[in-house]
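In: Next one to model:
(2 chains)
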There are 2 protein chains.
Amino acid sequence: MDVFLLPALLGETDLSGGVAVVIDVLRATTTITHAIAHGADCVIPLLSVDETKEQGAKNPSALLGGERGGQKIDGFDLGNSPAEYPASVVGGKKILFTTTNGTKAMQACRAASEIYIAAFVNLTAVCNQLADHPHITVVCAGTEGEITREDVLLAGAIVDQLATDAAEPLQLNDQAQIAADAWLEAKHDLTTVSLADRLKQSRGGRNVLRLGQENDIEIAATLDKFTVVPKLDTQHWEIRDSRNLAP
Amino acid sequence: MDVFLLPALLGETDLSGGVAVVIDVLRATTTITHAIAHGADCVIPLLSVDETKEQGAKNPSALLGGERGGQKIDGFDLGNSPAEYPASVVGGKKILFTTTNGTKAMQACRAASEIYIAAFVNLTAVCNQLADHPHITVVCAGTEGEITREDVLLAGAIVDQLATDAAEPLQLNDQAQIAADAWLEAKHDLTTVSLADRLKQSRGGRNVLRLGQENDIEIAATLDKFTVVPKLDTQHWEIRDSRNLAP
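Out: Numbers count the residues shown, from 1 in each chain, chains lettered A, B, ... in the order given. Okay, the predicted model is just below:
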């Protein structure tokens, strides 16, 4: 099991045939998990605002969501806050979604045979989905090319949970060990410093606070709120509830 | 205070006017610290084997040291093992030194006004040297472009010690926080898993074990063996005992 603290650190790593997990805790993968858990038909992750608008013009019933600089994009229906994606808004809808870092991380994982979307809100469900896969690669999105601690903490939580459940010791790359260290160090005293407070100290957290979206951090730090695992169907390039996709 | 887990992660970071610390625990910075502590006149860090041999031809009294693929280079006097650098061999000598990762990390820090060489063997001395500097950047060398845990652990130990000694909370980038997490997690149970054993599990450690140089890891894991802080004089591009250099 390998962790990469940024997509750029993948280098020439060959993901083909393996399982990839994409993490962008604040906020893309948390928001996508909310959308799918709340009954969205699918989320289409797109790199550019123009591409998202073009696809929106062809799909009048689709919702446009995402951010630039953390803010909702002009002309879009929704921003990048998980609170904007309740069932009453997203149920049955196709969502055309563009964010700065999360979508790039998904693109970097394109060669994998399965790509899952992970957040603290579906941690255990993701780990159950991953159990027994022989070759797992976890990719942290980071923020504008920089490593962010909130993503690393979740990567470490996944390593920790899979290592605890595994029959044999996992083979971990150094980044996986470092991520696990970071998570274990946080776990030791979650009673004195909550996960939400830790996320507020991270680079991504400070960004979200600056946007006045503190509540999004509280939401993102809610462990196992959902049992859904969004899966990116690489053939059709759309994210759906993994239970609704052929294996 | 910023930590970068690899030189490549520095990106466009401007180091000018600041203090940089270079870490390559297994084994370049550990070996350089041994050489300087044992009375070498200076260590010249060079990028290529050819350049090292050329300079050696002009300096017949100099010793040639370093490695490629972890092994001593043909025609060189010394490899990259700290045990090869006792006072009886290196006392008063100029050492022309080339290693794969450490020298590149030093080059990446060129713009800094002061560059120090750190290892576990001189941890406290380095921290004392750094105390009260307003702008410190710690750069981990890694191994062949990959993050290695042994370097991250030392970076975290430096963050931990400076944070403990500081009058006010340090401003840390996320990589510094992650490094501190990794170190604190290791520190919690150094009695059950020694630092040497942790280093043996790391990417760099596994490389050194493969070379049959386990003893080098035990040496590298000896905390505060020396009080010397090697300093890279960027003008003359040579590493000397910081006490023998003008501030």
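In: Could you look up the SS state of the most centrally placed residue in chain A?
Out: Nearest to the mean C-alpha position of chain A, by CA atoms, centre = their mean, lies A:Thr29 at 2.7 Å. Following DSSP: H, G, I helix; E, B strand; the rest coil, A:Thr29 is assigned to helix.
In: Contact residues of chain A facing chain B?
Out: Counting by CB under 8 Å from any CB of the partner chain, the residues of chain A close to chain B are A:5-6, A:8-9, A:11, A:145-149, A:152, A:173-175, A:177-178, A:181-182, A:184-186, A:188, A:201-203. (Each C-beta comes from the backbone N, C-alpha and C, glycine too.)
In: what do you get if the cut-off is 7 Å, keeping everything else the same?
Out: Counting by CB under 7 Å from any CB of the partner chain, the residues of chain A close to chain B are A:11, A:145, A:147-149, A:152, A:174-175, A:177-178, A:181-182, A:184-185, A:202-203.
In: Check these against B:Arg240 and report the nearest one.
Out: A:Asp174 (31.8 Å; CB to CB).
In: can you tell me which residues contact that closest one?
Out: Listed by CB atoms under 7 Å, 6 or more residues apart in numbering or on different chains, the contact partners of A:Asp174 are B:147-149, B:202-203.
In: Give me the pLDDT value at it.
Out: Here, the pLDDT recorded for A:Asp174 equals 97.
In: Who's the closest spatial neighbour of it, skipping the chain neighbours?
Out: Spatial nearest neighbour of A:Asp174, chain neighbours left out: B:Arg149 (4.3 Å); criterion: CB to CB, 6 or more residues apart in numbering or on different chains.
In: my guess is A:Leu126 contacts A:Val229, does it?
Out: Quick fix: residue A:126 reads Val, not Leu. Yes: with contact defined as CB atoms under 7 Å, A:Val126 reaches A:Val229; the gap is 5.5 Å.
In: intersection of neighbour lists for those two?
Out: By CB under 7 Å, 6+ apart, the residues touching both A:Val126 and A:Val229 are A:Tyr116.
In: For those two, indicate the residue with more neighbours.
Out: A:Val126 (30 against 22; other CB atoms under 10 Å in any protein chain shown).
In: where does that one land in three-state SS?
Out: Put simply, A:Val126 is helix when judged by three-state DSSP.
In: Return the residues in contact with it.
Out: A:21, A:116, A:118, A:158, A:229.
In: Please narrow those to those residing in helices.
Out: A:Ile158 (DSSP state H).
In: gap between A:Ala40 and chain B?
Out: 31 Å (CB to the nearest CB, to the nearest Å).
In: Could you report the pLDDT at the residue nearest to that residue when sequence neighbours are not counted?
Out: Closest residue to A:Ala40 apart from its sequence neighbours, by CB to CB, 6+ apart: A:Val90 at 4.2 Å. A:Val90 is assigned 98 on the pLDDT scale.
In: What's the separation between A:Val90 and B:Glu238?
Out: 63 Å (CB to CB, to the nearest Å).
In: next one: A:Ala118
Out: A:Ala118 sits 49 Å away from B:Glu238, going by CB to CB.
In: Which residue ranges of chain A form strands?
Out: Counting by DSSP state E, chain A has strands at residues A:2-4, A:19-23, A:42-45, A:63-66, A:94-98, A:114-118, A:136-140, A:230-233, A:238-241.
In: would you turn these into a markdown table with mean neighbour count?
Out: Shown next, in a markdown table, are the strands of chain A (neighbours: other CB atoms under 10 Å in any protein chain shown):
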| stretch | mean neighbour count |
| --- | --- |
| strand A:2-4 | 25 |
| strand A:19-23 | 28 |
| strand A:42-45 | 24 |
| strand A:63-66 | 24 |
| strand A:94-98 | 25 |
| strand A:114-118 | 26 |
| strand A:136-140 | 27 |
| strand A:230-233 | 23 |
| strand A:238-241 | 20 |
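In: Now do the contacts for the residue nearest to A:Cys140 when sequence neighbours are not counted.
Out: Once flanking residues are discounted, A:Cys140 sits nearest to A:Asp151: 3.6 Å by CB to CB, 6+ apart. A:Asp151 makes contact with A:23-25, A:140-142, according to CB under 7 Å, 6+ apart.
In: now do A:Ser81
Out: Contacts of A:Ser81 by CB under 7 Å, 6+ apart are A:27, A:31, A:213, A:216.
In: A:Glu238 now?
Out: Taking CB under 7 Å, 6+ apart, one finds A:42, A:44 in contact with A:Glu238.
In: what bridges to it?
Out: For A:Glu238, the beta-bridge partners under DSSP bridges are A:Asp233.
In: measure it to chain B for me?
Out: Counting by CB to the nearest CB, the gap from A:Glu238 to chain B is 31 Å.
In: Of the residues of chain A next to chain B, grab the buried ones for ChimeraX.
Out: Buried residues among those (16 or more other CB atoms under 10 Å in any protein chain shown), as a ChimeraX selection:
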select /A:147,148,149,152,174,175,177,178,181,182,184,185,202,203
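In: out of the residues of chain A next to chain B, who's nearest B:Lys104?
Out: A:Gly11 (15.7 Å).
In: Quick check: chain neighbours aside, which residue is closest to the closest one?
Out: B:Gly145 (6.5 Å).
In: Can you give me the pLDDT of the one you found?
Out: The model's pLDDT for B:Gly145 equals 90.
In: Next, the contact list for it, please.
Out: A:11, B:6, B:8.
In: Give me the neighbour count for the last one.
Out: Okay, so that is B:Ala8. 16.
In: hmm, back to that, contacts only, for the residue nearest to the centre of chain A.
Out: So A:Thr29 contacts A:22-23, A:102, A:117-119 (CB under 7 Å, 6+ apart).
In: To be precise, which single item in the residues you listed has the lowest pLDDT?
Out: The lowest pLDDT within these belongs to A:Gly102, with 93.
In: circling back to that earlier point, quick check: the farthest pair among the contacts of A:Asp151?
Out: Across the contacts of A:Asp151 (CB to CB), the longest gap, 10.8 Å, separates A:Val25 and A:Gly142.
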